[in-house]
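Engineer: return a 3D structure for these sequence lines:
(4 chains)
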Number of protein chains: 4
Amino acid sequence: MNPVVLPEAPAVIHLASDTMAACCPQIAQALYQQSFLLTAPSYGTDAETTAAQQALRQVLEAPQAEIFPLVSGTAANALALSAMTPPWGTVYCHQAAHVLVDECGAVEQLSGGARLHPLPGANGKITADVLDMHLVTAAAGSVHQMPAAAVSLTQATESGTVYSVGEIAALAEVCHDHGLLLHMDGARFANALVTLGCSAAEMTWKAGVDVLSFGASKNGAWAAEAVVFFDPALAGGFAYRRKRSGHLVAKGRFIGAQLQAYLQDDLWLTNARHANALAQLLGQAFADAGMPPVWPVQANEVFVILTPVVEACLRRIGVEWAPWSNESGDGDMARFVTSWATSEADILLIAETLHRLSREG
Amino acid sequence: MNPVVLPEAPAVIHLASDTMAACCPQIAQALYQQSFLLTAPSYGTDAETTAAQQALRQVLEAPQAEIFPLVSGTAANALALSAMTPPWGTVYCHQAAHVLVDECGAVEQLSGGARLHPLPGANGKITADVLDMHLVTAAAGSVHQMPAAAVSLTQATESGTVYSVGEIAALAEVCHDHGLLLHMDGARFANALVTLGCSAAEMTWKAGVDVLSFGASKNGAWAAEAVVFFDPALAGGFAYRRKRSGHLVAKGRFIGAQLQAYLQDDLWLTNARHANALAQLLGQAFADAGMPPVWPVQANEVFVILTPVVEACLRRIGVEWAPWSNESGDGDMARFVTSWATSEADILLIAETLHRLSREG
Amino acid sequence: MNPVVLPEAPAVIHLASDTMAACCPQIAQALYQQSFLLTAPSYGTDAETTAAQQALRQVLEAPQAEIFPLVSGTAANALALSAMTPPWGTVYCHQAAHVLVDECGAVEQLSGGARLHPLPGANGKITADVLDMHLVTAAAGSVHQMPAAAVSLTQATESGTVYSVGEIAALAEVCHDHGLLLHMDGARFANALVTLGCSAAEMTWKAGVDVLSFGASKNGAWAAEAVVFFDPALAGGFAYRRKRSGHLVAKGRFIGAQLQAYLQDDLWLTNARHANALAQLLGQAFADAGMPPVWPVQANEVFVILTPVVEACLRRIGVEWAPWSNESGDGDMARFVTSWATSEADILLIAETLHRLSREG
Amino acid sequence: MNPVVLPEAPAVIHLASDTMAACCPQIAQALYQQSFLLTAPSYGTDAETTAAQQALRQVLEAPQAEIFPLVSGTAANALALSAMTPPWGTVYCHQAAHVLVDECGAVEQLSGGARLHPLPGANGKITADVLDMHLVTAAAGSVHQMPAAAVSLTQATESGTVYSVGEIAALAEVCHDHGLLLHMDGARFANALVTLGCSAAEMTWKAGVDVLSFGASKNGAWAAEAVVFFDPALAGGFAYRRKRSGHLVAKGRFIGAQLQAYLQDDLWLTNARHANALAQLLGQAFADAGMPPVWPVQANEVFVILTPVVEACLRRIGVEWAPWSNESGDGDMARFVTSWATSEADILLIAETLHRLSREG
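Structural biologist: Below you'll find the predicted structure:
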């Protein structure tokens, strides 16, 4: 291998999204080494894929689970839900859910027409009570209405909060009482898990989650996700769903290798802890400067309403964030997202800047 | 970086598919280095993606082309065709085309219902004459029939043959005379190109190709393809098509870096020449042993009808191939596919084995 | 013809829906006579269909309009909208719109995945202001969001109210300012029209409506609707949309004959005036009895919150209605719908009953 | 009722299609009388619909069958098949099947992407042998291929021939051996049935048919079809399929009344016998004149290759037919279709003309 030429450090402090982080070193290296195995079976029948599936089953304490790796979180969610609802079914989710507002109708397309029904809820969460009320209403429906089929919750949520195990279990109970299935969009699964401090099993199937979109891309991989069916009976036909939507990658081991490295030696948890800790630091810095985060900082995201002065100062030191708005009327916000690649020095620089500003202000 | 642990060489000589080859060293290294650029814009707005798009435009001599990277050849084909036909349109292709027989209805799903109409043709190719005859018939149709919208040709074909520039131009002329668009499935684009010895522009838009699925995965990348619209007017809405089918990868530079390395220093052509040369060697070895390939060996695939004795001997030395059949009644065949990763020594071993067998036989 | 055997009058006073009314005599007779023309061209190429299209063009003062008859209002709406949005587009409508809550996802299916976005609004109407606000927000979107494509308003609304010409024009202006198309679900077109007292042209294209679902089934036909494209350029491909969804009826003249009779001698307006007048009568009776209708009675529907006593009395005299609820929290209501077939005597009986009850109460 | 004004008899002898025939008198009258029952429950919950379903169950000797009336044969076929295949499945049919060549991709749309696979076969029929061969091949498939799900046969066929009970049973056996379901497109069910002289049960479920599209429109109704599930377990979700595609007609008794009259007093069989007898007469006339029908005349269709002289003479006496071609290379033909409305005098006129021509020629 040629000597590594390090790219120049970016002048920008990228905090708009954790999708901006590169692949982390351990996964990058695993992928690189994989290229030395000149040939191997394709279409997900290789040893790396099998090992990754096995590792994920162990992590989830779910030896029966059917696991389908793919590269895209949007695809993971839409394909998972397509297996949980008929094309004429309704899937309930929070009104700010990624699957609803940021995936351009992938569920509608890949399910063949199912509908996402938004539910309100504080802190980006749907509650068992609100869900139950809506399902009771829906139960009065006829052939003219799309029957309720599933619920999708996002863990961590789009507001950077985390459902407790109890909250998940309560939602699952309502779902199952009404004959619905429960999906978890785990694009930031690890970030939520290290916050709760419970086991992955406790946060999923033990609480009643039926199908999981397990994400690794936002927490250190290039492009690696997996759809997990805790009940294998639900996975019938999923291999076809993945293939016909173009999501069965030919050289499956490049996903397998990423997932394997991701799960090895608790890398995924280490990455998530790093990101979460920096989010805490950042959230505290904003709070100390008189700008408490809009929602509790429970994972790797901080939402703040910036004053023009703060906005200008942050821009001057190179910080980039995502403008954020929502229908619940919380006003225009700034979203800051940390990742495995966020540097503590950068966050400390921001904290210091905010501290100085608040003293001056 | 830790010392590289080389995986053991596989005992098997994998010749069933070029999808079994790993990522080639140059691309693997480019991807690895990319991980050192800790953060970068996401969703395809990064520098690597832009550079890759620019490089591909140069290679194709098509400065106006709109280029959309993605990870899957199946998705590239189905999404490209979805932009070339209404949901009620007919797309003509060869009866053995990958898009028809190996992509599990991806065109049907991602186009919202369009139909693939198989055409017969020797050597895996559709001819301008046969196409014209069918289009004349179709023109007599009414609202009860699905109107002809596009033609998809595979270059190189599923039979390992290559359309000449003249053949492509003749097909394009028939297409355009009837108001149809011409798509090229270029999953093995480089293999075809080095055989023809012409420019990429001559093999595509100069001959009348409207939209190209440009493949890199089978020729050295992990997962890198691109849909190329030579006429930008056809690309309207494609960004939405890619997103809503889950094919807009978050960390776009993962694909961008692969494509950039693939096109740099003629790596893609070097890889293809290697694969094609070994296919020639293998084809000749079969011919010399009295088993001439079923179709002309013009790219990186060799199709042979094996005798039981030959089959047994090849298995004994670890060779694996793909059983192959088709509806044109050519009988059960074996498909051997070479790639950048195929070792000349392995092919020479096979040649020697065949030679010995034919002398003994 | 055999002597007509009159079916027994039903004991029930059907006011749950105007879909319960039979075909009215004039249309029934036209259809019957049509059966004496033993043969005629099929698939909508017959003289009745042509005449009906011509009559509707005259009524609408729209000589260029493209008109497609079909049998189902759900199909008319979903197919019309499928021609007004890409499969990844957003269609705005009132949160109580029939197209959203009573057509079981027909838009999602027949459009190939488009999304209906509910808007709030008093009296079952969306307002130009609310629409504008939502479109401004949507305009900030990216490829991750489904772009705004069209608006569908229901005239008369699901709340039995009627948009004024000014309200329609205001909505149309917002639509067109943002590049959207405006659809009118005219399942109860005639009921709204006679209320406004304007011309059909003034209520549609002159106010900015681009595409109309013109309904006759709820106002006297058995099964006759038409999709009207005021701009023929929007109708491209619609013939295929109708056919491939199974909505091109073989013996088209049975729809043509219904529509022709419907429009002849102002039958459609006479029927609507009858229904509306009885709704007024009924609404007034409820109001006089201390139960003012929840929404203004402007067409042929009356929504009332019944007391248990009233409910019991109405049931005793054979009245049937539809239970009604909505998300805006107006509580459980009863919906009463009048039609051409509603008898004045029945409504007077109800009025008298209510009157007696209120005096007794 | 006003005095009936009889339309003038058409100068044209319409033999291009049985869809050109009007509604027959008995059905027309039943429908007319239905209009005197001023109100009735809607959406298929009315007494006529229930009675029609019951009558059809009796005719089919299938008391458990689930029966769904609708107005369109294309919809009946596409919706029936959508319930018999996953969206990624393959449905086999004859290469000339109506469902494949004359329904504009309705199966593809309403099934969400399933594929129709054409099979060759003499006289418009697929045979158990050919089917078996294809299924054996398909069984070798993987996730890359669309798995075989169902077979659709047309009875009577598009060539005017009729499957014997034995042929149907043989096809059904092959289907069920491979885990496939068997669909019968019975658009001309009655025409086939009177030819076979067996019971409707013997021609369907007793021979192994799982789902039937029962057609009445081509044999005397205006617009009345029914999808019949002999196994109710297959009908799950079909009510939603019908609704969301816009095929649940509001005033369901419009269809119910037609179907009831159709089945009463063997009207449907009488109509079919009339049509078939005239087709026999016509076929014999062509044969006697030296132009034997291309396919055996077994139902109500006659296919002939016309000489220019004959063509000119028939045109002169006002005969209209449908030009017909097919891919099996039988050349350009003329299709003549008789119906309940075809007059014997017209056919005798044609016969005489042909006779005179052949004596002169």
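
Engineer: tell me how far residue A:96 lies from chain B.
Structural biologist: According to C-beta to the nearest C-beta, to the nearest Å, residue A:96 stands 19 Å off from chain B. No exception for glycine: its C-beta is placed from N, CA and C like everyone else's.

Engineer: element containing that residue, please.
Structural biologist: Under the criterion DSSP states H and E, no helix or strand holds residue A:96.

Engineer: what's the neighbour count on it?
Structural biologist: Using other C-beta atoms under 10 Å in any protein chain shown, residue A:96 is surrounded by 21 other residues.

Engineer: nearest spatial neighbour of it, skipping sequence neighbours?
Structural biologist: residue A:158 (4.8 Å; C-beta to C-beta, 6 or more residues apart in numbering or on different chains).

Engineer: ok, the residue of the stretch 1-150 of chain A found nearest chain D - contacts?
Structural biologist: Minimum separation of the stretch 1-150 of chain A from chain D (C-beta to the nearest C-beta) falls at residue A:112, amounting to 3.9 Å. Applying C-beta atoms under 8 Å, 6 or more residues apart in numbering or on different chains, we find residue A:112 in contact with A:82, A:87, C:109, D:87, D:112-113.

Engineer: do residue A:102 as well
Structural biologist: Counting by C-beta under 8 Å, 6+ apart, residue A:102 touches C:144-145.

Engineer: which bits of chain A sit near chain C?
Structural biologist: Proximity of chain A to chain C, by C-beta under 8 Å from any C-beta of the partner chain, involves residues A:87-88, A:101-105, A:108-109, A:112-116, A:137, A:140, A:143-146, A:325.

Engineer: restricted to strands, list the residues you listed.
Structural biologist: Taking DSSP state E, the ones among the residues of chain A next to chain C that sit in strands are A:115-116.

Engineer: which of the residues of chain A next to chain C fall in helices?
Structural biologist: A:101, A:108-109, A:137 (DSSP state H).

Engineer: which of the residues you listed sit farthest apart?
Structural biologist: Farthest-apart pair in these is A:109 and A:137; separation 27.1 Å (C-beta to C-beta).

Engineer: for the two, indicate the residue with more neighbours.
Structural biologist: Each of residue A:109 and residue A:137 has its neighbours counted (other C-beta under 10 Å); residue A:109 has more, 27 against 14.

Engineer: neighbours around the spatially closest residue to the more buried one that is not a sequence neighbour, how many?
Structural biologist: Sequence neighbours aside, residue C:113 is the residue nearest to residue A:109 in space, at 4.3 Å (criterion: C-beta to C-beta, 6+ apart). For residue C:113, the count of nearby residues is 26 (other C-beta under 10 Å).

Engineer: got it, and residue A:144?
Structural biologist: Neighbour tally, residue A:144, other C-beta under 10 Å: 17.

Engineer: one more: the one 4 residues further on?
Structural biologist: Close neighbours of residue A:148, defined as other C-beta under 10 Å, add up to 23.

Engineer: so what's it up against?
Structural biologist: Contacts for residue A:148 (C-beta under 8 Å, 6+ apart) come out as A:89-90, A:92, A:134-135, A:138-139, A:178, A:180.

Engineer: check residue A:173 too.
Structural biologist: A:128, A:208 are the contacts of residue A:173 under C-beta under 8 Å, 6+ apart.

Engineer: how does it look with 7 Å?
Structural biologist: Counting by C-beta atoms under 7 Å, 6 or more residues apart in numbering or on different chains, residue A:173 makes contact with residue A:208.

Engineer: tell me which helix or strand it sits in.
Structural biologist: Using DSSP H and E, residue A:173 maps to helix A:165-177.

Engineer: which of the residues in that helix are buried?
Structural biologist: The neighbour-count check on helix A:165-177 (16 or more other C-beta atoms under 10 Å in any protein chain shown) flags A:165, A:167-172, A:174-175 as buried.

Engineer: torsion angles phi and psi at the residue minimising distance to the centre of chain A?
Structural biologist: Among the residues of chain A, the one closest to the centroid is residue A:187, at 1.6 Å (C-alpha atoms, centre = their mean). Backbone torsions for residue A:187, taken as degrees, to the nearest 10, come to phi -60, psi -30.

Engineer: residue A:168: what's it in contact with?
Structural biologist: So residue A:168 contacts A:203, A:207-209 (C-beta under 7 Å, 6+ apart).

Engineer: then residue A:138?
Structural biologist: Contacts for residue A:138 (C-beta under 7 Å, 6+ apart) come out as A:90, A:148.

Engineer: if I look at it, how far off is chain B?
Structural biologist: Residue A:138 sits 26 Å away from chain B, going by C-beta to the nearest C-beta.

Engineer: same thing with residue A:189?
Structural biologist: Distance from residue A:189 to chain B, by C-beta to the nearest C-beta: 15 Å.

Engineer: that residue: neighbouring residues, count only.
Structural biologist: Neighbour tally, residue A:189, other C-beta under 10 Å: 25.

Engineer: how about the strands in chain A?
Structural biologist: Counting by DSSP E, the strands of chain A are A:13-14, A:66-70, A:90-94, A:115-119, A:148-154, A:181-186, A:211-215, A:225-229, A:301-304, A:319-320, A:322-324, A:333-337.

Engineer: kindly reformat these as JSON lines containing mean pLDDT.
Structural biologist: Formatted as JSON lines, these follow (pLDDT from 0 to 100):
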{"stretch": "strand A:13-14", "mean pLDDT": "95"}
{"stretch": "strand A:66-70", "mean pLDDT": "98"}
{"stretch": "strand A:90-94", "mean pLDDT": "98"}
{"stretch": "strand A:115-119", "mean pLDDT": "97"}
{"stretch": "strand A:148-154", "mean pLDDT": "98"}
{"stretch": "strand A:181-186", "mean pLDDT": "98"}
{"stretch": "strand A:211-215", "mean pLDDT": "98"}
{"stretch": "strand A:225-229", "mean pLDDT": "98"}
{"stretch": "strand A:301-304", "mean pLDDT": "97"}
{"stretch": "strand A:319-320", "mean pLDDT": "96"}
{"stretch": "strand A:322-324", "mean pLDDT": "92"}
{"stretch": "strand A:333-337", "mean pLDDT": "96"}
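
Engineer: and those strands: which comes nearest residue B:307?
Structural biologist: strand A:66-70 (39.8 Å).

Engineer: contacts for that closest one?
Structural biologist: Taking C-beta under 7 Å, 6+ apart as the rule, strand A:66-70 contacts A:44, A:49, A:52-53, A:56-57, A:76, A:224-229, A:232, A:235, A:238, A:242, A:247, A:252, A:255-256, A:259.

Engineer: for the closest residue to residue A:156 other than its chain neighbours, what are its contacts?
Structural biologist: Sequence neighbours aside, residue A:299 is the residue nearest to residue A:156 in space, at 3.7 Å (criterion: C-beta to C-beta, 6+ apart). When contacts are counted by C-beta under 7 Å, 6+ apart, residue A:299 is found next to A:156, A:160, A:162, A:188, A:191-192, A:195, A:276, A:279.

Engineer: from those, which land in helices?
Structural biologist: Going by DSSP H, the helices hold A:191-192, A:195, A:276, A:279 from the contacts of residue A:299.

Engineer: with pLDDT added, can I get the residues you listed in CSV?
Structural biologist: What follows is these, written out as CSV (pLDDT from 0 to 100):
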residue, pLDDT
A:191, 98
A:192, 98
A:195, 98
A:276, 98
A:279, 98
